[in-house]
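Enquirer: give me coordinates for this.
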Amino acid sequence: RRRRNAQTTTRANTNRKKPKKTIDLGYYDEEDDGIIDSDLEEENIRDDEGESSSDEETAEAKKLRLAKDYLKKLEAADKESSSDDDEEEDDYHDRISNRLQRERLKREGTLERIVAKSVADDVAAMYQSTETDTYTRFFKGHDLTVTSVALQQSTGECAVSGSKDGSVILWDIEKQARMQYLIEKPEKKDRNNRNQVLSLAMSDDGNYAAVGKRDATVTIYDLRASNGVTTTFQGHKGPVTSLTFRTQSHQLFSGSSDRCIRHYSLDDMAYMETLYGHQAGVSDIDCYRKERPISVGRDRTARAWKLAEDTHLIFRGGSQVSSADCISVIKDDWFVSGHDDGSLHLWLTEKKKAAASLTHTHGSCSTVGRGITALACLKGSDLVVSGSFDSRLRLWEVSTGLTLQERGIKPIGEISIDGYINDIAVGPRAKFCLVAVGQEPSLGRWNRVAKAKNRFGIVQLRQHDEGSNSSSDVDEEMEAMKNDGDDVNEQDSHSSSEDSDES
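Expert: As a prediction, this is how the structure comes out:
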């Protein structure tokens, strides 16, 4: 038995596989292992130090570095613009701090641009002669009355125009040429009232254009895509009479004759909510930086909608004030309204009554004033432009002071344009404005100007040689900014006292 077990063990050992022979090439020497480990540790330490240093640079040093770079750029630009080499250091630092404050207010949307005076001087110099063709240009493309225009506000490079013939055209403002038809003109036999384009809006970045028609639809066009059409929103039960984008966002608001305002988010390409309150059709709507659109309707009221609180404010002009056809928001708390009896009103959202009013701003027919058909302003400035069918595009200076004596509207100029001015869009820095001109009003055919032509127009408001004007604009903006900063406490106390008196 022992012999048999020993033979079995021997056979098992012989059946096992013998290990393969390997040649030692020195990869796993103990010294090499130590060298490799030390190198790895040093690299890991360096990586850890680099990561920690990068984290420190990102958190603290990066902000400081960017701030220093920005200050260097401002100093370099300021040295190039300034010609006085013996300027004191205090004045130099004050100018830099004022410029930084100006940039901050511009980002926040609270910077007030004082441009009305310079625009008035340039318009008086350019249009003092009878030959105005040099500074105004009108373009063909629409067969019927042009009802609306919209401009890319950030750069002013492109715009869109719509007409009663159902066509929508994309324009290159810099080259002053037609780029393409977003909606082609239908054949005359295929035209009907439901195809009429009544309102337009364009986002500030120029990515989206919204088209409102008489068939109660809102069509969104993605101007970056080749096919154009993104989606069509339905839901209104009447013609879409007004469209507006919230400044520097893709929030869209549409007003209709069905007394409703609909809210859309184009980032999600979705309908958000419906705002109810108007007792008659919505005539126009506008919005600035706050999420607070302001609308006017045929019920003779203006309403400021507080979306976050789900409430709205109502502004009534009294029994003597007629319905408003157009509105333009100057700042988040100030807006102007144009009425069908020719009156122009300036409003403060903290007050229920108008801060300033003018009547018969575009003349009168017998005893009835000509209605204001279009109204626009340069956001955050003191310039307002209005249009009617009196063959005049009129410019106004708006004052939004602290007291009643400092608030008002006064005319500063006019430009001759024949026909119904159905819509206006003011370009950046008030260099130009776009007008939609036609023989008929945008919403009907109750009147006709036979000598007018259906055109999309570009009206120059500032002279091209703006070397001195641009610097004066900066100085005026600085002065307005300083005045605003000096009067902050006074304004707060004044508004609180007024609120207590009103309550």
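Enquirer: for the spatially most central residue of the chain, which residues are in contact?
Expert: Geometric centre of the chain, nearest residue: Thr247, 3.6 Å, by Cα atoms, centre = their mean. Thr247 makes contact with 109, 153, 204, 287-289, 379 under the criterion Cβ atoms under 8 Å, 6 or more residues apart in numbering. No exception for glycine: its C-beta is placed from N, CA and C like everyone else's.
Enquirer: top of those residues by neighbour count?
Expert: Highest neighbour count within these: Tyr288, with 23 neighbours (other Cβ atoms under 10 Å).
Enquirer: just to revisit the earlier point, the residue nearest to the centre of the chain should be in a strand, yeah?
Expert: No: Thr247 sits outside any strand when classified using DSSP: H, G, I helix; E, B strand; the rest coil, being coil.
Enquirer: measure Ser167 to Asn454 for me?
Expert: Ser167 sits 11 Å away from Asn454, going by Cβ to Cβ, to the nearest Å.
Enquirer: how much space separates Leu71 from Val211?
Expert: Plainly put, Leu71 is 45 Å away from Val211 if you go by Cβ to Cβ.
Enquirer: ok, those two, which is more surrounded?
Expert: Neighbours were counted for Leu71 and for Val211 using other Cβ under 10 Å; Val211 has more, 26 against 12.
Enquirer: show me the contacts for that one.
Expert: Val211 makes contacts with 162, 168, 182-183, 197, 199-200, 218-221, 243, as judged by Cβ under 8 Å, 6+ apart.
Enquirer: could I get the pLDDT score of it?
Expert: pLDDT for Val211: 97.
Enquirer: and for Val368?
Expert: Note on Val368: pLDDT of 85.
Enquirer: now do Ile169
Expert: What the model reports as pLDDT for Ile169 is 96.
Enquirer: helix or strand for it, which one?
Expert: Here Ile169 sits within strand 168-172, counting by DSSP states H and E.
Enquirer: next secondary structure after that strand?
Expert: Downstream of strand 168-172 (by DSSP H and E), the next one is strand 177-183.
Enquirer: buried residues in that following strand?
Expert: Neighbour-count burial for strand 177-183, with 16 or more other Cβ atoms under 10 Å as criterion, is recorded at 182-183.
Enquirer: circling back to that earlier point, who wins on neighbours among the contacts of Val211?
Expert: Neighbour counts for those, by other Cβ under 10 Å, peak at Gly162, which reaches 31 neighbours.
Enquirer: wait, a strand at that residue?
Expert: Yes: counting by three-state DSSP, Gly162 falls inside a strand.
Enquirer: for it, what are its contacts?
Expert: So Gly162 contacts 146-149, 168, 183, 197-200, 211, 436 (Cβ under 8 Å, 6+ apart).
Enquirer: what count of nearby residues applies to Arg104?
Expert: 12.
Enquirer: oops, could you answer that again for Leu74 instead?
Expert: Around Leu74 there are 15 other residues, counting by other Cβ under 10 Å.
Enquirer: got the phi and psi for it?
Expert: Leu74 adopts backbone torsions of phi -60, psi -40, taken as degrees, to the nearest 10.
Enquirer: surely it and Arg99 touch.
Expert: Yes: at 6.1 Å, Leu74 counts as touching Arg99 under the criterion of Cβ atoms under 8 Å.
Enquirer: this structure: helices as residue ranges?
Expert: Along the chain, the segments classed as helices by DSSP state H run 2-15, 30-56, 62-81, 89-108, 116-126, 467-486, 488-502.
Enquirer: tell me the buried residues in the strand holding Ile169?
Expert: Neighbour count says strand 168-172 has 168-171 buried, by 16+ other Cβ under 10 Å.
Enquirer: now do it against strand 177-183, angle only.
Expert: Relative orientation of strand 168-172 versus strand 177-183 (axes from the mean of the first three to the mean of the last three Cα atoms, to 10 degrees): 160 degrees.
Enquirer: strand partners of strand 168-172, parallel vs antiparallel please.
Expert: Strand pairing for strand 168-172, using DSSP bridges, gives strand 158-163 (antiparallel), strand 177-183 (antiparallel).
Enquirer: so for Cys365, which of those strands sits nearest?
Expert: Cys365 sits nearest to strand 158-163 of all the strands paired with strand 168-172, at 26.2 Å, using Cβ to Cβ.
Enquirer: quick one: that closest one to chain centroid distance?
Expert: Distance, stretch centre to chain centre, for strand 158-163: 16 Å (Cα atoms, centre = their mean, to the nearest Å).
Enquirer: what do you get for stretch 407-422?
Expert: Centroid separation for stretch 407-422 versus its chain: 23 Å, with Cα atoms, centre = their mean.
Enquirer: stretch 232-250 too?
Expert: When C-alpha coordinates are averaged (Cα atoms, centre = their mean), stretch 232-250 and its chain have centres 15 Å apart.
Enquirer: swap in stretch 190-199?
Expert: Using Cα atoms, centre = their mean, the offset of stretch 190-199 from its chain centre is 27 Å.
Enquirer: now stretch 243-255
Expert: 9 Å.
Enquirer: what mean pLDDT does it get?
Expert: pLDDT averaged over stretch 243-255 gives 95.
Enquirer: ok, and for it, which residues are buried?
Expert: 243-247, 249-255.
Enquirer: got CSV for these, with distance to Val449 too?
Expert: Shown next, in CSV, are the buried residues of stretch 243-255 (distance: Cβ to Cβ, whole Å):
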residue, distance to Val449
Leu243, 25
Thr244, 27
Phe245, 31
Arg246, 34
Thr247, 33
Ser249, 37
His250, 37
Gln251, 36
Leu252, 32
Phe253, 31
Ser254, 29
Gly255, 26
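Enquirer: and those residues, which is closest to His360?
Expert: Set against His360, the nearest of those by Cβ to Cβ is Gly255 (26.8 Å).
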